[in-house]
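Participant: based on what follows, work out the 3D shape:
(one chain, ligands or ions: 1)
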Amino acid sequence: MPVGVLALQGDFREHIIALESCGADAIEVKTLAELNRCHGLIIPGGESTVIQKLATNYDLFEPIKNKIKSGLPTFGTCAGLIMLAEKIVDGIEGQIGFGGLDVSVRRNAFGNQLDSFETDLSFKGITGEPVHAAFIRAPIVEEVGPGVEVLSSLDDGRVVAVRAQNVMGIAFHPEVTGELRVHQLFLKMVDSR
Ligand code: GLN
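Facilitator: Purely as a prediction, here's the structure:
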């Protein structure tokens, strides 16, 4: 069974390439039938408000929410992390996500000056070279609920990667820097279910 990438908006093509580079069978998800074929799902980076709107218009919002709740391995990057957070800070009026991660996430947390930057991170479960991370109008995880594991933080302690059971969310974009090890970690979550 393939791993799906929600392909409504954002950098879903980069995720498909990353998954294929890891040797996985990857498909774009735009319909319920495609969603139902997947045994794992990636929510890409992009613009969370647009992803919310399009998911609703494509009748995918509730099905994705329910799949995550019933255990579908799911991985969100940047806007994808926002879509997986139970609580969104600095969202637009009426903004909600699919949920799945008991965290509070602040949108556009780095402001204008530090709009985008790259840095090296240590990441729980990834050994060897540090993870090279691109942050693009990135969110930050401000509160972490019980049962949520912190996988990576910036030097100042701000949390940028978390995992709880079947859901992993990260504030940066490994899919744009050729960093495959976070996708490999996700594929292990998919395989172990
Ligand atoms: N700022 C975007 C949002 O709120 C996220 C940016 C990104 O995914 N690179 O959705």
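Participant: so for the nearest residue to residue 110 once chain neighbours are set aside, what's the pLDDT?
Facilitator: The shortest distance from residue 110 to any non-neighbouring residue, by CB to CB, 6 or more residues apart in numbering, is to residue 138 (6.0 Å). Any C-beta I mention is one placed from the backbone N, CA and C, and that applies to glycine too. The confidence metric pLDDT takes the value 96 at residue 138.
Participant: count the residues that sit near residue 138.
Facilitator: As a burial measure, residue 138 scores 27 neighbours (other CB atoms under 10 Å).
Participant: that one is in contact with residue 170, isn't it?
Facilitator: No. In this structure residue 138 lies outside contact range of residue 170 using CB atoms under 8 Å: 9.5 Å.
Participant: for those two, list the residues in contact with both.
Facilitator: 78, 160 (CB atoms under 8 Å, 6 or more residues apart in numbering).
Participant: bridging residues for the residue nearest in space to the middle of the chain?
Facilitator: For the chain, the residue sitting closest to the mean C-alpha position, by CA atoms, centre = their mean, is residue 76 at 0.9 Å. Beta-bridge pairing for residue 76 (DSSP bridges): residue 43, residue 169.
Participant: tell me, how many residues neighbour residue 24?
Facilitator: 18.
Participant: and the protein, which residues reach the ligand?
Facilitator: 45-48, 78-79, 82, 107-108, 136-137 (CB under 6 Å from any ligand atom).
Participant: among those residues, name the ones in strands.
Facilitator: Judged by DSSP state E, the residues of the chain next to the ligand include residue 136 as members of strands.
Participant: just the buried members of the residues of the chain next to the ligand?
Facilitator: With burial judged by 16 or more other CB atoms under 10 Å, the buried subset of the residues of the chain next to the ligand is 45-48, 78-79, 82, 107, 136-137.
Participant: need the contact list for residue 96.
Facilitator: So residue 96 contacts 52, 88 (CB under 8 Å, 6+ apart).
Participant: pLDDT wise, what is it at?
Facilitator: 97.
Participant: residue 180 contacts residue 23, correct?
Facilitator: No. Using CB under 8 Å, residue 180 makes no contact with residue 23, being 10.0 Å away.
Participant: what about these two, which has more around it?
Facilitator: residue 180 (17 against 9).
Participant: contact partners for that one?
Facilitator: 18, 21-22, 174.
Participant: from residue 129, how far off is it?
Facilitator: Noted for residue 180: a distance of 12 Å to residue 129, by CB to CB, to the nearest Å.
Participant: same check, this time on residue 26
Facilitator: Taking CB to CB, one finds residue 26 at 24 Å from residue 129.
Participant: more neighbours, the two?
Facilitator: residue 26 (22 against 9).
Participant: so which strand or helix has the closest residue in space to that one that isn't next to it in sequence?
Facilitator: Nearest residue to residue 26 in three dimensions, chain neighbours excluded: residue 19, at 3.8 Å (CB to CB, 6+ apart). Taking DSSP states H and E as the definition, residue 19 sits inside helix 12-21.
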